[in-house]
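S.K.: make a model of this:
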Amino acid sequence: MARQTSKDTLLLLIREKKPLSFQQQLTLTFQLSMPAILASASAMLMQFIDASMVGQLGADDSASVGLLATTWWLFEGVISSFVAGYGVQVAHLLGANRPADARQVVRQALVVCSLFGLFMAALGLALSIPLPIWLGAQPHIRAHATLYFGTFMLFIPFLMIDFIGSSMLRCSGNMRVPSMLNVLMCVLDVIFNFFLIFPTREVTLLGHTMTMPGAGLGVLGAALGSASAGLIVAAIMLYYLVFRSGELRLTLDKGTFKPSLNYFKKSLKISSPMALQHTMLCSASIVITGIVAPLGSIALAANSFGITAESLCFMPGYGIADAATTLVGQSLGAGRKRLTRSFAWITVLSGMAIMGALAILMYVFAPELMAIMSPVPEVVELGARCLRVEAWAEPLFAASIISYGVFVGAGSTLLPCGINLVSMWIVRLGLSAWMMTTMGLYGVWMAMAIELCFRGAVYLIALSSKRWLKTGIQHS
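M.R.: Here you go, the predicted model:
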């Protein structure tokens, strides 16, 4: 029997339709958010580590990694959306005190999502060669960009397992295990990168010089290091989900792994708008990368490193959004709409406060953040200017991130899809194309800041309307 914690007790109160005080709601939000923030932080830190290590190789290698970053996010977003279609069902079924049905959804997810992962890997490999050309990258960085992206694509089926395990455990309220494993992934990434990216060299540590072995694979080493770390963590995540999870371990009962049309339809109702949104958002980001690419390696590297540095600011938002999805999903599954609204506002306002505080630090230390990732003064100076204009948008960016998690937990994914598409394709792209002509990369980032403020404001209006409570999935 799994040990009961305060978090487990509070989640049980939701499922048994017993009252929770405001203090208990805050406590549960904190208990679920902190591990989720840690998991998000470790994922963002892994990108930061990759960028800073590759940055030591020079602006061209940095540009080759950053060129297809938005395309990788597109693939990652579509994959996570597909998994979320099953994860939200798990949250609703557990909220309704139907754990056996929730475990059946897990079985379905393992089969269907894994097959989808194979398809996405094949698609990514097919695109890895023409994409740098389509984006207008300079010829001398295309080969490394293809190598980095193609290597990641080979590992997608294994990374899908990590996504499945992490999503299911979080929707059950277990944030601790995915968080710990993501921290492990970050540590492994540092170790692998240290030996794979750089050649054998002399290293001075505490006054002692030693020969440090290295493969000298450069950009390829960065891709192999991150992907290998993800592979190891995926194996551990799968083991825990199947054999150790308190409510979801598949050894508790017998079930079928044969895909069910009923679960698949419900999954598509949730995941299709999410996948469309991610596709269109990242496609817009790819278009923006295409706008930036002709500006040269300095602008492209500054843009890539700036996005990575900004991720350290918005990572709490994604962590709290994961908690919001769990809390809203289980509360709505239990039929408790008032509690659902309460958790929605608690998570959104908390995230806005935290990201607002981090935005101040990002504004103050922007040059130092950029200097960690690149030794090139021009890249540091341009990236710092971009980060400082972006800092003003972080509180409303938090509102959009966490409100999205709220809507996903409710199974209401069509509304945020519409908001994001209009905001990204009309506001950001339109402003970027116009402002880039006179202000270069700085104009692109100013357009981004304006668009994020607009998006956050619209999300807050949508959250106030309560329409999202009426459009989720139903379980019979």
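
S.K.: drop to CA atoms for contacts and neighbour counts, all remaining ones
M.R.: OK.

S.K.: can you list the low-confidence ranges for the stretch 51-200 of the chain?
M.R.: Residues of the stretch 51-200 of the chain that meet the criterion pLDDT under 70 lie in 51-52, 55, 59.

S.K.: let's see 50
M.R.: Within the stretch 51-200 of the chain, no range satisfies pLDDT under 50.

S.K.: all strands of the stretch 351-476 of the chain, in order?
M.R.: For the stretch 351-476 of the chain, applying DSSP state E, counting those that start in this stretch gives no strands.

S.K.: please enumerate the helices of it.
M.R.: 366-373, 377-391, 394-410, 414-422, 429-465 (DSSP state H, counting those that start in this stretch).

S.K.: to Met352, which of the ones you listed lies closest?
M.R.: helix 394-410 (4.7 Å; C-alpha to C-alpha).

S.K.: how much does that closest one deviate in direction from helix 377-391?
M.R.: 70 degrees (axes from the mean of the first three to the mean of the last three C-alpha atoms, to 10 degrees).

S.K.: helix 394-410 packs against which elements?
M.R.: helix 69-95, helix 297-333, helix 337-364, helix 429-465 (3 or more C-alpha pairs under 8 Å, 6 or more residues apart in numbering; DSSP states H and E).

S.K.: run the chain-centre distance for it.
M.R.: 13 Å (C-alpha atoms, centre = their mean, to the nearest Å).

S.K.: swap in stretch 221-232?
M.R.: Counting by C-alpha atoms, centre = their mean, stretch 221-232 comes out at 17 Å from the chain centroid.

S.K.: contacting residues around that stretch?
M.R.: 46, 50, 54, 148-149, 151-152, 155, 158-159, 162, 185-186, 188-193, 196-197, 215 (C-alpha atoms under 8 Å, 6 or more residues apart in numbering).

S.K.: buried ones among those?
M.R.: Buried by 16 or more other C-alpha atoms under 10 Å: 46, 50, 54, 148-149, 151-152, 155, 158-159, 162, 185-186, 188-190, 192-193, 196-197, out of the contacts of stretch 221-232.

S.K.: ranges for the helices of the stretch 151-300 of the chain?
M.R.: 156-171, 176-196, 219-243, 261-292, 297-333.

S.K.: winner for burial among those helices?
M.R.: Most buried of those, by mean neighbour count (mean count of other C-alpha atoms under 10 Å): helix 297-333, with a mean of 28.

S.K.: distance from that one to the middle of the chain?
M.R.: Worked out by C-alpha atoms, centre = their mean, helix 297-333 lies 6 Å from the chain centre.

S.K.: make residue 1 into 37 and carry on from there
M.R.: All right, first residue 37 from here; so that's helix 333-369.

S.K.: quick one, it and helix 430-446 angle?
M.R.: Using the same axes, to 10 degrees, helix 333-369 lies at 40 degrees relative to helix 430-446.

S.K.: what distance do you get for Phe191 to Gly266?
M.R.: Note on Phe191: its distance to Gly266, by C-alpha to C-alpha, to the nearest Å, is 8 Å.

S.K.: one more: Asp44?
M.R.: 28 Å.

S.K.: find the nearest non-adjacent residue to Leu129, please.
M.R.: Spatially, and ignoring its direct neighbours in sequence, Leu129 is nearest to Ala138 (5.6 Å; C-alpha to C-alpha, 6 or more residues apart in numbering).
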